[in-house]
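Engineer: Need a 3D model of the sequence below.
(3 chains)
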Amino acid sequence: MTNVSIMTFNILSILPILILSGFGMIVLLVDVLSSRRLGEKNLLAYISLIGIILAAIFARSPAGTTLFSFNESFAIDNYSLFFNFIFLLSTGLTILISHSYIKREEINHGEYYALILFSTIGMMLMAAGADLLNIFIGLEVMSISIYILTGFKRSKLISNEASLKYFLLGAFATGFLLYGISLVYGSTGAINLKQIASFIASKGGISDPVLLMGMGLIIIGLGFKVASVPFHAWVPDVYEGAPTAITAFMSVGPKAAGFAAFLRILITAFGSAHDEWQKIIYILAILTMTTGNVIAIAQTNIKRMLAYSSIAHAGYLLIALVSANDMGVSGTLFYMLAYTFMNIGAFAIVIVLSRKGDEFIQINDYAGLGFKHPLLALAMTLFMFSMAGVPPTAGFVGKFYIFSAAIKSGYIGLAVIGVINSVISVYYYLRITVIMYMKEPTREFAPLTISPLIVAAIAISVIGTLHLGIFPSKVMEIAQQATLMLK
Amino acid sequence: MLAYLFYIVAAITVTTAVYLIFEKNPVFGALYLIQTMVSLAVLYILLEAQFVAAVQIIVYAGAIMVLFLFVIMLLNLDIGEETKNALPYQRIPAILMGIALFTIICIVIRSKLLQGKQDQYTTAFVQGVGNTKLIGNLLFTEYLLPFEITSILLFVAAIGAIMLAKRKL
Amino acid sequence: MIHYLPILILFIVAVGFAVTNIGLSAILGRRKPTAEKLSPYECGINPVGSARERFSVKFYLIAMLFVIFDIEVVFLYPWAVAFKSLSLFGFIEMLIFLGILLICYFYIWKRGGLEWD
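Structural biologist: Reported below is the predicted structural model:
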């Protein structure tokens, strides 16, 4: 008879996850039990929003300090709390912009909201996971939800194709990640990040080729999730085929979750092997930035352009990962928050302008928008300026922190390449502004059907982008506290 | 004795896997895959991992293979239908890379670089408690959180099956 | 490995039984094949069309749902074996796990996933 110690765990530490899973199931049950199927759908969006707000309220450490729960495998520290906030914000904004969109596209099923909530659970687990098993399960919950959401326009071939492509490549990438995890476990005997770190420290670095290969495979798996070059081939097709609101969601949430896991694994577990992985990430960062920005110039479809721009932003975030100092980590957190505001805002405007059956997503379709709908054009201009990194927007401050982190760690060349890339990106971001204000409209703008929820989403994004750009210090302070716990 | 058993079963696994790749009839291919799965289960037993072996039979050789056969029936593939090689330029690099990877793995295994860690779970210890029981004890205490999240994962998978495969919603 | 001896014996007996019977019928049986005898049996009438019918995708949905609940059952084995040492704590844990999947089952049922439409 072996004695089994009932482990101590703090149920409060996973309260946001419990709330979200509970609300996800409630949404599904309300959906299947309500007979008046169309009338109840507004209710589902509100239930989901309540769930997100409740989760945000309880997303804090029960003891007020860092807490490792579930046998040291689940970390409630400022780092995971900051990421939780980003996830909940992106989920909330996504639901706000989805509400009218999924009605128009006739994909208004309760599963839509439930899957978004469930994928948020996965993200939270990835950010808080202090062992590889939790990170892996979180990644799976998140990815599978998003594969399904990508194919949610069941009658559209392009959506089915996107879902299948994403699923096949994603399953392959998951295989790489899992193989990497098993090799790391095989050579260190641990899946807990701290135990892996202490094993590597006790051996004085990585000399075991199997451990090295495991680390490399983990980098490939997570590199796919954050859409870094050369693991980016899925991005444009999937972003184009997915429902636009889901494109907005997956360019923010899963990317943030991928970086959350990336930073925690590489810095906590493989921190003493910094020299080994820094070279790989260095090359990945340069490739990702340059490829994303250069190919984005040639795009005529705004969803594909934003897809390549999303690849480019992953490249900037990889710079922060290479520098691997406190400033890089807090820069990542800040940048991810800024990116959430500006990217979801841009997609919200794409959604407002699109109509059923006519997605209205060619860049030239935006000609003359500045005269017809000046407020929308102004908001779009702001988001484009922010993504290009023009002051006084959030994007500028984020880039500033990330490049400073690179310089602080001595990667001046990398920072210079990043700045050059930002300059390249100005071309295609500002082109949209130029088209909106300088060109005559090529077609009639349909009367817009604007729901109050999407207006709220755009307003929140505008305020967030401006606030982070003009008064960044308060948020940066919080982000800086978040990094202290990491090492 | 056990070493010989390992070599025999390993040879069967590799042979059936190779047959699977070169088999033209998809149904026969699926049968070879079942044999590969079962041989893997035997290899797991040789590694004292009885529970994993049982799961391998129940889930992979059983449930997943039923799905495979359904897909074959669904697509109604004909026997020996020559498909055009869509990636002709990848064949030679793929073979070369495969050989390179195989060589590297062999070199690494032969080298003395591998460092492992002797943990508390030795063969004698596992045999004393029993493999399945040990997994139960760990899964439901130490790995409680991932276990419970698995139910959400299965839930999501069920939603996916309904959303993507059901004809009428 | 000695524990597997009964399984090995059973395996040999099963294979031996099958081989013996097929072998005996091959040696002892009389065979006079005609075209009629060699055609596939379809309730006595002449076979119509190919035997390789396309399956409906509906089977696939059922199969996928089966795999999901099959995996659920896999988790029950180690739980059952370790049940005594896990005591009440393990019981509640499994209750939550099964509860969530029961809601999942209810959802599938109400959504019409088990219907043959």
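
Engineer: Okay, now the unreliable bits of chain C?
Structural biologist: Scanning chain C for pLDDT under 70 picks out C:1, C:51-52.

Engineer: ok and the residue in chain B nearest chain C?
Structural biologist: Proximity of chain B to chain C (CB to the nearest CB) peaks at B:Gly136, 2.8 Å away. (Glycine included, C-beta is placed from N, CA and C.)

Engineer: Let me see the contact set for that residue.
Structural biologist: C:78-83, C:86 (CB atoms under 8 Å, 6 or more residues apart in numbering or on different chains).

Engineer: Most proximal residue of chain A with respect to chain C?
Structural biologist: Nearest residue of chain A to chain C (CB to the nearest CB) works out as A:Val32 at 3.9 Å.

Engineer: From A:Gly51, how far off is that residue?
Structural biologist: 17 Å (CB to CB, to the nearest Å).

Engineer: which one of these two has more residues nearby?
Structural biologist: Applying other CB atoms under 10 Å in any protein chain shown to A:Val32 and A:Gly51 shows that A:Gly51 carries more neighbours, namely 26 against 17.

Engineer: The more buried one and A:Ile116 touch, don't they?
Structural biologist: No: between A:Gly51 and A:Ile116 there is no contact under CB atoms under 8 Å: 10.3 Å.

Engineer: Number of residues surrounding the spatially closest residue to A:Ile47 that is not a sequence neighbour?
Structural biologist: In this structure, A:Ile47 finds its nearest non-sequential neighbour in A:Val27, 5.5 Å apart by CB to CB, 6 or more residues apart in numbering or on different chains. Counted by other CB under 10 Å, the residues lying close to A:Val27 total 25.

Engineer: you'd agree A:Val27 is up against A:Leu117?
Structural biologist: Yes: contact criterion CB under 8 Å: A:Val27 and A:Leu117 qualify, at 7.0 Å.

Engineer: Overlap in contacts, these two.
Structural biologist: A:48, A:51.

Engineer: my guess is A:Val210 is in a helix, correct?
Structural biologist: Yes: applying DSSP: H, G, I helix; E, B strand; the rest coil, one finds A:Val210 inside a helix.

Engineer: how close does the residue nearest to the spatial centre of chain B get to A:Ala227?
Structural biologist: The centroid of chain B falls nearest to B:Met37 when counting by CA atoms, centre = their mean (6.4 Å). Distance of B:Met37 to A:Ala227, computed by CB to CB: 34 Å.

Engineer: Equivalent analysis for A:Phe9, please.
Structural biologist: Separation of A:Phe9 from A:Ala227 (CB to CB) stands at 34 Å.

Engineer: and if you look at A:Thr433?
Structural biologist: Counting by CB to CB, the gap from A:Thr433 to A:Ala227 is 25 Å.

Engineer: And for A:Tyr429?
Structural biologist: Remark: distance between A:Tyr429 and A:Ala227 (CB to CB) = 18 Å.

Engineer: Likewise for B:Val71?
Structural biologist: Applying CB to CB to B:Val71 and A:Ala227 gives a distance of 29 Å.

Engineer: just C:Glu53 next, same as before
Structural biologist: 43 Å.

Engineer: The two: which is more packed in?
Structural biologist: A:Ala227 (29 against 9).

Engineer: Can I take it that that one is in a helix?
Structural biologist: No: applying three-state DSSP, one finds A:Ala227 to be coil, outside a helix.

Engineer: Can you name the residues that contact it?
Structural biologist: Contacts of A:Ala227 (CB under 8 Å, 6+ apart): A:234-235, A:255, A:288, A:310-311, A:314.

Engineer: And those residues, which two are furthest apart?
Structural biologist: The most widely separated members of the contacts of A:Ala227, counting by CB to CB, are A:Trp234 and A:Thr288 (14.0 Å).

Engineer: Compare the two and say which one has the larger neighbour count.
Structural biologist: Higher neighbour count among A:Trp234 and A:Thr288: A:Thr288, with 29 against 19, using other CB under 10 Å.

Engineer: Surely that one touches A:Leu318?
Structural biologist: Yes: counting by CB under 8 Å, A:Thr288 does reach A:Leu318; the two are 5.9 Å apart.

Engineer: anything in contact with each of these two?
Structural biologist: A:Ser228.

Engineer: before we move on, the earlier item: list the residues that contact the residue nearest to A:Ile47.
Structural biologist: By CB under 8 Å, 6+ apart, the residues touching A:Val27 are A:44, A:47-48, A:51, A:110, A:113-114, A:117.

Engineer: what's the neighbour count on the closest residue to chain B within chain C?
Structural biologist: Residue nearest to chain B within chain C: C:Ala82 (2.8 Å; CB to the nearest CB). Each residue near C:Ala82 was counted by other CB under 10 Å, and the total is 24.

Engineer: Chain A: strands as residue ranges?
Structural biologist: A:67-69, A:74-76 (DSSP state E).

Engineer: hmm, the last one touching chain B?
Structural biologist: Yes: if you take CB under 8 Å from any CB of the partner chain as the test, strand A:74-76 does meet chain B, through A:Phe74.

Engineer: and what of stretch A:103-116?
Structural biologist: Yes: counting by CB under 8 Å from any CB, chain B is contacted by stretch A:103-116 at A:109, A:111, A:114-115.

Engineer: Show me how to select, in ChimeraX, the buried members of those.
Structural biologist: The buried residues among those can be selected in ChimeraX (16 or more other CB atoms under 10 Å in any protein chain shown) with this line:
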select /A:109,111,114,115
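
Engineer: okay, the residues of stretch A:103-116 next to chain B in TSV with pLDDT next?
Structural biologist: What follows is the residues of stretch A:103-116 next to chain B, written out as TSV (pLDDT from 0 to 100):
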residue	pLDDT
A:His109	89
A:Glu111	93
A:Ala114	95
A:Leu115	96
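
Engineer: what's the closest of the residues of stretch A:103-116 next to chain B to chain B?
Structural biologist: For those, the nearest to chain B is A:Glu111 (5.2 Å; CB to the nearest CB).

Engineer: just to revisit the earlier point, out of the contacts of A:Val27, what pair is the most spread apart?
Structural biologist: Of all pairs in those, the most separated under CB to CB is A:Gly51 and A:Gly110 at 13.1 Å.

Engineer: Chain A contacts on chain C?
Structural biologist: C:82, C:85-87, C:89, C:100, C:103, C:106-107, C:110-111.

Engineer: which of those count as buried?
Structural biologist: Counted by 16+ other CB under 10 Å, these give C:82, C:85-86, C:100, C:103, C:107, C:111 as buried.

Engineer: Report the contact partners of the nearest residue to A:Ile53 once chain neighbours are set aside.
Structural biologist: Leaving aside its chain neighbours, A:Ile53 sits nearest to A:Gly92 (7.6 Å; criterion: CB to CB, 6+ apart). For A:Gly92, the contact set (CB under 8 Å, 6+ apart) comprises A:49, A:52-53.

Engineer: No more questions from me, cheers.
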